[in-house]
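>>> from the sequence below, what's the structure:
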Amino acid sequence: MMDPFYKALIKFRCRRYDDCVQLCGELLERNSVDQAAWTLKTRALTSQVYVDDVEADEQGIADLTMDDNSVAQVTRPGTSLRTPALTSGLSGTSHAYRVWNEALNSKQLGWGRGACHPSVRPRTTTGRPLSGVLRPGTQNTEVASGSKALETALRTGRTAKTARPCSAASGRHVRLGTASMISQPDGPFINIARLNLSKYCSDAGLAKPLFEYILYQENDVKMRKFFNLDQAGLILVDYNISINKRPRTTTGRPLSGVLRPGTQNTEVASGSKALETALRTGRTAKTARPCSAASGRHVRLGTASMISQPDGPFINIARLNLSKYCSDAGLAKPLFEYILYQENDVKMALDLAALATEACEFKDWWWKYQLGKCYYRLGLYRDAEKQFRSSIKQQPMISTYLHLGLVCVRLDQPLAAVDVYNEGLEKFNREVRLMTGIARIYEGLNELQKAVRVYKELLVYEATNVEAIACVGLHHFYNDQPELGLRRLLQMGIYNAEIYNNIALCCFYAQQYDMTLKCFERALHLVSGTDAADVWFNIGYVALSIGDTFLAYQAFRLALVHNSDHAESFNNLGVLEMRKGHPDTARAFFQTAATLSPHLYEPHFNFASLADKMGDLQGSYIVVQKALKAYPEHMESQELLQQLKKYFDDGKFAWEMIGKLSLLRGLNRTIGTRICACGQRRNFSGEIEETFDLVVIGGGSGGLACAKQAASLGARACVLDYVAPSPAGTKWGLGGTCVNVGCIPKKLYHRAAILNEGFHEAPAYGFDVPGKVALDWPTLMGNILSHTKSLNWGHRVSLKDKKVRYYNAFGSFVTPDVIKMKSPKGEESFLKAKNVVIAVGGRPVYPDVEGAKENCITSDDVFTLKSPPRKSLIVGGSYVALETAGFLCGLGFDVTVMLRSIPLRGFDREIAKLIVQNMEARGVKFLRRCLPSGFRKDDGNVKVTWKDKDGASHSEAFKTVMLAVGRRPVTDALNLSNAGVEVNTENGKLVGHDGESTNVNGIYAIGDVLDGRQELTPVAAQAGRLLADRVFGKDPSAKMDYSAVPTTVFTPLEYGCVGMSEEEAFGKFGEDNIEVYHAFYKPLEFYLPQIDAKQCYLKIITGREKPGKVLGLHFLGPNAGEVVQGFGVAMKAGLTKAILDRSVGIHPTNAEELVKPLVTKRSGADPAVGAC
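The predicted structure follows:
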């Protein structure tokens, strides 16, 4: 059953004050001195809240009256959220608007600030303002008693001049003294300047409400102390404590906040006030010593641990004997908090917590909770998780659930964190912090529907939760309900020109024209700089729409006053000038608009229409094509083009006249009426127009690294990333191929296969493995998918932290510096980019074979198969094909690989052959020199037909067929021709010039899309960071070195390499100038299980001249990636064979084989390495 006080606290948070008062009253009937209940009930009685409860209903919001005086602004503890500035009876938009203007003129209200004014407070019938501070009645000397005592006292009237606190014995504890009272009826209740604070501070019944009066009513911060409300009531904490500036005793020694005995008096305090008395007793800096009497010994820290400097810390924690104090909770707990929070020594705090946990025989949940916090701070998340879970078993607490959820998030287990928070909600129903944690995780996982559902539920219990309002509002922005989202933002207390600008447009669509202009007026009051041009443009557009051309003309002119480059205003002024019969002025306006914003179709069409009417058919023909390039679906442009084509033979004459566009300058004939005005500018519904220093198209490793590095250098960057579903329907989130359908899931499946093989090797090491180990494919797939989703979330969080804007949209070029964004819903908008980085990566290619797309999958789909692949065919000989075949075989599936030619093209040929031999030995079947000719469904399987090298036809049924015949960059839909970017037509990749630059200034390419570069994730990420340094960090030396890049193929027997293959070295330097050192070796771990090591091989390729520069290094064996990484660094530093020969290996390891004396191929000696 829920704790009654906690339930009352929830009612208070939900602004259900009557329910809160009733629950507190029930508590006080049971215990009339329950301080926490008295405090909470008092707050509920004195709080007056005026909040605009914006309905969660998504219908009819635009028709609601937007009364600004009902909007909650800045919350303030212990007072009203908002004091009404209107008298009752005023309603409607006109009244609200008039009151707002009056408030602005009188400077009583401020945009973006709370409207509470110190002089505007609810008053009693006598005219005295209510202070919100508990005080007894003064019209009657009888002292109230019982559960209704304070409520009765609070509601009792009191005159201003004659009233005086009661002095009866039972009421004396609340007397402040005559000198502290002020007799003016319009003045404050208490003259705080004359208060003797030390006289009242020891009485919590008076000190706490007095504190709130001083802090909130009189706003005297220097006199305040800080109170925290929790389930136990109000706990007093010294507000001014800090390391270097703390309150001091009369002797000048700083107060530490740690309990210690007095030293000016040898008498030892005893009883319940012992520690408090000891703390408040003065102590000199040099001669003082903690008391040593038996009753005071439990708080003695020892002279050696005290520091005598008056400006230093209270305790020399380096000399503390923690084991001495850990068993006394009265001292150990404050000492722990001092060490952790005041000295910030997490390791010592951890030691103390561990000792105290042992001392209490692991029965105190508090110490386990503190252990978890320490482990969390130190990054030991697994240990923290154990402690938090153990603490919850003993005593469930909200803070413990919150910390445990954070641990799960740190462990990349967001769904586990959701489970933790839900478990906490079962214990603490309607706890806002737990609900917020769940919503944040769903939002990070891009499951916005779930996040919004949780946030809406949260708002039921806490109607002014800013974070929830913001998220719900954002959701409505992107679901074509902008008016609801805007009202949510208003409820947050956010007031700016952009919001009112958008509200005005919403009202215009809802045909509330009076509210439209009023909102525009408010936007103009708030706007600054060139943004005012957008407001004036929208005013002009609205005026044009309702037929007020005079107002429209003036508004467009004012837009140009604020922003002389506002192309839309130039265009619409041209429209108005044409209506007035001023063709020359109109022509100039259209020309200017087209020059400023070439991506707008309206200026081009207007120009073409004008030229057509004036007889310049050639000019009209050319310009109308520009309009159609900007907006291919514009019907009137299409009609005009068809009409003009009658005068030209396939446009030949038009192309001859391209250089004669100057004729357009002489147009001065009659104007036609077919004119197109620019539409309104909005910041929602997919029509976002912004300017960025860098726009990255593609959200893979390279693009993300470039954008984040650019942002860290001060650039305004954004990332556009949209993943089209595969033909099989697979789609994924931010992070690119590596995170979602490449390196990460591949390595995890590879690891699973190694573990499966380990069960077969375990008996050789003495383990008894009972029966056959079964694979649960859905569990494996689900866990890996959950991990990749957590990485998607991490990338989004990282972008947000770096202040990089992220759009889930597909980007394409309109011009070299204008990018069109297309959302998954098909909505289009434009971005202006000073620099563009193309990092779209590639997708698998489907062969031109019947049934390939319909019946086969690719590497985009294999990692998320809902059911086990069972009997599988992999078509292709790339590293993707062999890696997939390897881990499927290792997991126990029947796998066949179909090769058209050689495997692992581009890698060392000798090692590629060894890899195939090793895979065949493990059970993978290979069909060499075969080509598939058809794929069709056959009774739940895929019937594959193929032809061998002799032309003979074969067929066989497989459960799963995966195609791995190559990849192609996703460049076809980028409209690169609009930007003039050079493309290799054979492979679709971009031609690089001087590193990552293209042939167009300001447009760059990184990653798999760049022709002639390695298709590796680390290469793309490094190139992206260096490109950002070069462009925004002005570092011309920051160029990517694409030579000697290490890589690994994660086949069952891993293959790591760096540098040239043997064939490459022979081709470049000649066989006579190359020396190849090689060896076959047997890993130590292969001996006991008697694993065949025939294919464990390594080779080092060097120049023959001393000292023998290493040109390539190849390693085939366990953990090859870990082995080769370090040698890759050494090769960058100029590794030679002489250096290897002088190096000492680590024994026993596989890597040491590379620094042992090796034989050369030229010698013909046996390369086999004997056992040590």
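>>> residue ranges with poor pLDDT in the stretch 351-500 of the chain?
Filtered on pLDDT under 70, the stretch 351-500 of the chain yields the residue ranges 464, 466, 470, 473-495.
>>> quick one: the helices in it, in order.
Assigned by DSSP state H, counting those that start in this stretch, the stretch 351-500 of the chain shows helices spanning 365-377, 381-394, 398-410, 414-427, 432-444, 448-461, 466-477, 482-491, 497-509.
>>> dump these to TSV, plus mean neighbour count and distance to L352.
For glycine as for every other residue, the C-beta is placed from the backbone atoms N, C-alpha and C. As requested, the helices of the stretch 351-500 of the chain are exported to TSV (neighbours: other C-beta atoms under 10 Å; distance: least, C-beta to C-beta, whole Å):
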stretch	mean neighbour count	distance to L352
helix 365-377	22	9
helix 381-394	19	14
helix 398-410	21	19
helix 414-427	19	27
helix 432-444	22	28
helix 448-461	18	37
helix 466-477	21	35
helix 482-491	23	46
helix 497-509	22	51
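>>> out of these, which comes closest to G1145?
With C-beta to C-beta, the closest approach to G1145 among those belongs to helix 381-394: 33.2 Å.
>>> packing partners for that closest one?
For helix 381-394, the contact count by 3 or more C-beta pairs under 8 Å, 6 or more residues apart in numbering; DSSP states H and E identifies helix 365-377, helix 398-410 as packing neighbours.
>>> and those helices as JSON lines, adding distance to Y455?
Below are those laid out as JSON lines (distance: least, C-beta to C-beta, whole Å):
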{"stretch": "helix 365-377", "distance to Y455": "26"}
{"stretch": "helix 398-410", "distance to Y455": "17"}
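>>> looking at the ones you listed, spot the one closest to K208.
Relative to K208, the nearest member of the helices and strands packed on helix 381-394 by C-beta to C-beta is helix 398-410, separated by 23.0 Å.
>>> so how far is that closest one from its chain's centroid?
Computed by C-alpha atoms, centre = their mean, to the nearest Å, the chain-centroid distance of helix 398-410 equals 18 Å.
>>> list of residues touching that helix?
Residues external to helix 398-410 that are found in contact with it (C-beta atoms under 8 Å, 6 or more residues apart in numbering): 365, 369, 372-373, 376, 381, 384-385, 388-389, 391-392, 414, 416-417, 420-421, 423-424, 427-428, 431, 433-434, 437, 441.
>>> if we can go back for a sec, for the helices of the stretch 351-500 of the chain, give me TSV that also has distance to M614.
Formatted as TSV, the helices of the stretch 351-500 of the chain follow (distance: least, C-beta to C-beta, whole Å):
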stretch	distance to M614
helix 365-377	75
helix 381-394	74
helix 398-410	67
helix 414-427	64
helix 432-444	56
helix 448-461	53
helix 466-477	44
helix 482-491	42
helix 497-509	35
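>>> of all those helices, which one is nearest R587?
Closest to R587 of the helices of the stretch 351-500 of the chain is helix 497-509 (C-beta to C-beta; 30.3 Å).
>>> please report how far G574 lies from F607.
9 Å (C-beta to C-beta, to the nearest Å).
>>> mutual contacts of these two, please.
By C-beta under 8 Å, 6+ apart, the residues touching both G574 and F607 are 587, 590.
>>> next, the closest residue to E761 other than its chain neighbours: secondary structure please.
In this structure, E761 finds its nearest non-sequential neighbour in P1089, 4.0 Å apart by C-beta to C-beta, 6 or more residues apart in numbering. Following DSSP: H, G, I helix; E, B strand; the rest coil, we place P1089 in the coil state.
>>> isn't P1089 up against F759?
No - using C-beta atoms under 8 Å, P1089 is not in contact with F759; the gap is 11.0 Å.
>>> got the contact list for the most centrally placed residue in the chain?
Nearest residue to the geometric centre of the chain (C-alpha atoms, centre = their mean): V797, 1.9 Å. For V797, the contacting residues are G444, by C-beta under 8 Å, 6+ apart.
>>> try S528
By C-beta under 8 Å, 6+ apart, the residues touching S528 are A497.
>>> SS state for I339?
For I339, the assignment made with three-state DSSP gives helix.
>>> what helix or strand does the residue nearest to it when sequence neighbours are not counted sit in?
Take I339 and drop its neighbours on the chain: the residue closest to it by C-beta to C-beta, 6+ apart is A349, 4.6 Å away. A349 is part of helix 346-359, with elements assigned from DSSP states H and E.
>>> quick one: residues in contact with that helix.
Defining contact as C-beta under 8 Å, 6+ apart, one finds that helix 346-359 is touched by 317, 320, 322-323, 325-327, 329, 332-333, 335-336, 339-340, 364, 367-368, 370-371, 374-375, 377-378.
>>> please report the distance of M435 from K789.
For M435, the distance to K789 (C-beta to C-beta) stands at 21 Å.
>>> now the residue nearest to V624 when sequence neighbours are not counted: which helix or strand?
Closest residue to V624 apart from its sequence neighbours, by C-beta to C-beta, 6+ apart: A608 at 3.8 Å. A608 belongs to helix 601-613 when elements are defined using DSSP H and E.
>>> check which helices and strands the helix or strand that that helix is followed by sits against.
Remark: after helix 601-613, the chain's next helix or strand is helix 617-630, criterion DSSP H and E. If you count contacts as 3+ C-beta pairs under 8 Å, 6+ apart, helix 617-630 packs onto helix 601-613, helix 635-645, helix 652-656.
>>> quick one: mean pLDDT over helix 617-630.
Across helix 617-630, pLDDT averages out at 82.
>>> also stretch 1049-1063?
When pLDDT is averaged along stretch 1049-1063, the result is 97.
>>> any buried residues in that stretch, and which?
Within stretch 1049-1063, the residues scored as buried using 16 or more other C-beta atoms under 10 Å are 1049-1062.
>>> on that earlier part again, ok, how many other residues are close to the residue nearest to I339?
Using other C-beta atoms under 10 Å, A349 has 25 neighbouring residues.
>>> quick check: can you list the domain ranges of the protein?
494-666, 690-768+776-842+969-1032, 846-965, 1047-1160 (automatic domain parsing).
>>> so what's the residue nearest to V624 up against?
A608 sits next to 619-621, 623-624, 627, 637, 640 when contact means C-beta under 8 Å, 6+ apart.
>>> can you tell me which of those residues is closest to L1084?
Within these, the smallest distance to L1084 is 73.4 Å, found for A627 (C-beta to C-beta).
>>> excluding residues flanking it in the chain, which one is nearest that closest one?
Nearest-residue entry for A627: H604, 3.7 Å, with adjacent residues in sequence omitted and distances by C-beta to C-beta, 6+ apart.
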